[in-house]
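Student: just to be clear, the model below is a prediction. Sequence and coordinates:
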Amino acid sequence: MSDKLVLGPLLSVEDDNKYVVCFLSKTECDFSIVFENKEIAAQKIGILKSGFFYRTEYNIKPSKDSRTITYKILNKTTSFCDIHNRDSWSFYVPSSIEKPKFAYASCNGFSSPDLLAKTDEPYKLWDKLLENHQKEPFSVLIMGGDQVYADELWSKVKELEEWSRLNMSDKLKRKATKSMINNLDTFYENLYLKKWSDKKMSLCLASIPTVMMWDDHDIFDGWGSYPNELLECDVYQNIFKIAKKYFEIFQIRSLKNESLLTKDRTHFSFALKFRNYHILGLDNRTQRSIYQVMGNDQWANINKYLDENILNDNLLVLSAVPVVYRDFSLTENLVDFTSWQEELTDDLKDHWRAKEHQGERMRLIMRLFMNIEKRKQSKQNTRTVILSGDVHVGSLGVINDHKNQNKIHQVVSSGIVHTPPSYVEWLGIQAITNDNNEYLNEDKTIETSMLTPIGSAKYLRVRNFVTLNEGSDEKLWINWICDNKDRPCYALN
C-alpha cells in the first residue's frame, strides 16, 4: 500500500557531502527516508494549508568512486509515492576527485497566460534536461531565479485586483485586509504545487540536487525596482512577506539550510563548496530598492566568505540579472524626463547598468577581481564565472582586467520555460540599446564586452538551459542546450 505526497520529493545539496530531501504530505506522521540501506528520520519543519513539510539530511562520506543513491519515503505502515506514482528516486554522487558536471537554468514559467497558450511544448526543455541527466548525470542543478512566475496574482487574488484599480494615493493608504492576506497565502502555495507538478520537471527536482536563488517573478515582476513609497506600502509589504515565506520553504528548504550566510532573514545569500567549485548565490531581491541591490550587511557576509573560503577553487556566482549586458542608459535618461517614467521605471531600474546601481555593480566586479588576485597565489588555474538569466535571451560576456591579466566570464541562459522575445520585440530592444564595449576605469584597463558563442549568433533568442563541465583538455566547456537544433558552446581556459 502506498499514499501520495502533495509535493516532492525535492532534493538539494548544502555542501560537498550533505544532501537534503524535503517533501509536503497531507499526512502528519513519523516519516523516514531510506537511502539504500540507511534509514533517517524526517523532521517536520512547516505546516501549510495543504499539508506538512518535512526535511531529511543525509551526509555521504567522500569516496574515490562515484555512486548512485536510491531512496524511498516511508512511515511505519506505508510507502509514499509522488503525484505521478513513483515510489523511489535516485541521484548521482560524484567521486571525491571527480570534476562535477553542472546544469544551470532560469525563468521557469510564463509572465502571462497568453504566452503559455501560444507555447506548443511548455516543458520540452525539462524533458531534454532529464534526457541529458540520464545519459551523463549532473552533480548539481543550479536554478538562478524565477523558479515560479507569480504575476497572475493581480488577477487571481480578488482583493488585489480591486486594489490595483485605485489611484496611487489611495493605494498607498490602503491596508492589506485579512481576506487579502489569506488569499495571497493560498495563491503562492498553490502556485508552487501547480507549477512544480510537471512529470519530467518533478522527476528532475527529485533526482538532481538543486540550489536555488530567487528573482523578481518569484515575488512579482520588477520587485524592488518600484518607487520607495509603493515598495513600502502595506499591500506590497504583505505580498513580499508571503512570497518570502514560500521561497524560504520550497526553494531554500528552511533556515536549517547550512549554506545560508546568515539566518536572520534579512537576506538569503548562500555559499557552498562542492568538489573544486564554490557556488555563491547573491540575493538581489530581499534588500533591493531603486537605490541598492544588496544591503551593507549582505555585502559584509559576502566579503567575509570571499576572503576566508575561496582560496584555490573555481567560483560560480549567481546574479539573477546579468552584470554584463546591453546598455539601456540612453533609454533610461529619456524615460526619466517623460510621462512614461512611472510605467517603465521598474523594467529599466531592474538592470545592473541602471545609473543608481552602477556604483554597486563596480563594487561587485572589483571585489571579484580582488578574490581572483588572492587565488592566483595558489598557482592553480581557477575561474570565476557569473551565472545569470532574467532577460530571456542567452549570451556570453566577459570582464577583462587587462592590467592584471584577469577575466570574469558571464554565462546567461534564456528561459528553460519562458519564451524569448519575438523577432519584432528583439528588433525594438536592439534599437534602444547597444552592446558596445564598456570601460569601467579611467585608464581603460577594465573592459566589458559581449562574446559570440561557437555555432550561434551573439544572442541566443531561443529557450535553453546551460551545462558546465571540465573536459579532458582542462577547459570549462559551456553548452547551451536549446529548444531547436542549434548547439552553441564555448570553452573557458
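Tutor: In hand now; what should we look at?
Student: domain-wise, how is this protein divided?
Tutor: Per the record, the chain has its domains at 1-94, 99-148+196-214+251-492, by automatic domain parsing.
Student: and the last one, end to end?
Tutor: Using C-alpha to C-alpha, to the nearest Å, the gap from the first to the last residue of domain 99-148+196-214+251-492 comes to 15 Å.
Student: quick test: name the residue nearest the centre of the protein.
Tutor: Geometric centre of the chain, nearest residue: Gly144, 1.8 Å, by C-alpha atoms, centre = their mean.
Student: got the phi and psi for that one?
Tutor: phi -100, psi 20 (degrees, to the nearest 10).
Student: can you check the one 5 residues further on too?
Tutor: In terms of degrees, to the nearest 10, the main-chain angles of Tyr149 are phi -110, psi 110.
Student: wait, what's in contact with it?
Tutor: If you count contacts by C-beta atoms under 8 Å, 6 or more residues apart in numbering, Tyr149 has them with Asn108, Gly109, Phe110, Ser111, Lys195, His217, His418. In this view, the C-beta of every residue, glycine as well, is placed from N, C-alpha and C.
Student: with adjacent residues omitted, what lies nearest to it?
Tutor: With sequence-adjacent residues excluded and distances taken as C-beta to C-beta, 6 or more residues apart in numbering, Tyr149 is closest to Gly109, at 3.4 Å.
Student: for Gln147, same thing?
Tutor: Closest to Gln147 by C-beta to C-beta, 6+ apart is Asn108, at 5.1 Å.
Student: flag every buried residue along stretch 127-139.
Tutor: The neighbour-count check on stretch 127-139 (16 or more other C-beta atoms under 10 Å) flags Lys128, Leu129, Leu130, Asn132, His133, Pro137, Phe138, Ser139 as buried.
Student: name the residues that touch the host helix or strand of the third one?
Tutor: Read that as Leu130. Under the criterion of DSSP states H and E, Leu130 resides in helix 124-135. Contacts with helix 124-135, where a contact means C-beta under 8 Å, 6+ apart, come from 103, 105, 138, 141, 198, 200-201, 203-204, 207-208, 416-417, 463-465, 467, 481, 483.
Student: at 7 Å what do you get?
Tutor: 103, 198, 200-201, 203-204, 207-208, 416, 463, 465, 467, 481, 483 (C-beta atoms under 7 Å, 6 or more residues apart in numbering).
Student: what of stretch 259-269?
Tutor: Contact partners of stretch 259-269, identified using C-beta under 7 Å, 6+ apart, comprise 14-15, 252, 255, 270-272, 281-283, 286-287, 295, 297-298, 301-302, 305.
Student: narrow those residues to those in strands?
Tutor: The strands, defined by DSSP state E, take in Phe270, Ala271, Leu272, Gly281 from these.
Student: show me which pair in these is furthest apart.
Tutor: The span of these, defined through C-beta to C-beta, is set by Leu272 and Gly281 at 8.8 Å.
Student: could you list the low-pLDDT ranges of the stretch 251-400 of the chain?
Tutor: The model of the stretch 251-400 of the chain has pLDDT under 70 over residues 330-347, 379.
Student: that one: strands as residue ranges?
Tutor: Here the stretch 251-400 of the chain has its strands, by DSSP state E, counting those that start in this stretch, at 270-274, 277-281, 314-318, 384-388, 395-401.
Student: which ones are touching Asp16?
Tutor: Contacts of Asp16 (C-beta under 7 Å, 6+ apart): Lys273, Phe274, Arg275.
Student: try 6 Å
Tutor: Contact analysis of Asp16 by C-beta atoms under 6 Å, 6 or more residues apart in numbering lists Lys273, Phe274.
Student: quick one: it from Leu272, how far?
Tutor: Between Asp16 and Leu272 the computed distance is 8 Å (C-beta to C-beta, to the nearest Å).
Student: ok, now Trp89?
Tutor: Counting by C-beta to C-beta - Trp89 and Leu272 are separated by 22 Å.
Student: next one: Ser378
Tutor: 20 Å.
Student: out of the two, which sits in the busier spot?
Tutor: For Ser378 versus Leu272, the count of surrounding residues by other C-beta atoms under 10 Å is larger for Leu272: 21 against 11.
Student: that one contacts Val13, doesn't it?
Tutor: No. Taking contacts as C-beta atoms under 6 Å, Leu272 lies outside contact range of Val13: 7.3 Å.
Student: low-confidence ranges in the stretch 51-200 of the chain?
Tutor: Ranges of the stretch 51-200 of the chain meeting pLDDT under 70: none found.
Student: all strands for it, in order.
Tutor: With DSSP E, counting those that start in this stretch as the criterion, the stretch 51-200 of the chain has strands at 51-59, 67-74, 79-81, 89-93, 102-105, 140-143.
Student: who does the fourth one pair up with?
Tutor: Going back to what we said before, that points to strand 89-93. Strand 89-93 sits in its sheet next to strand 67-74 (antiparallel), going by DSSP bridges.
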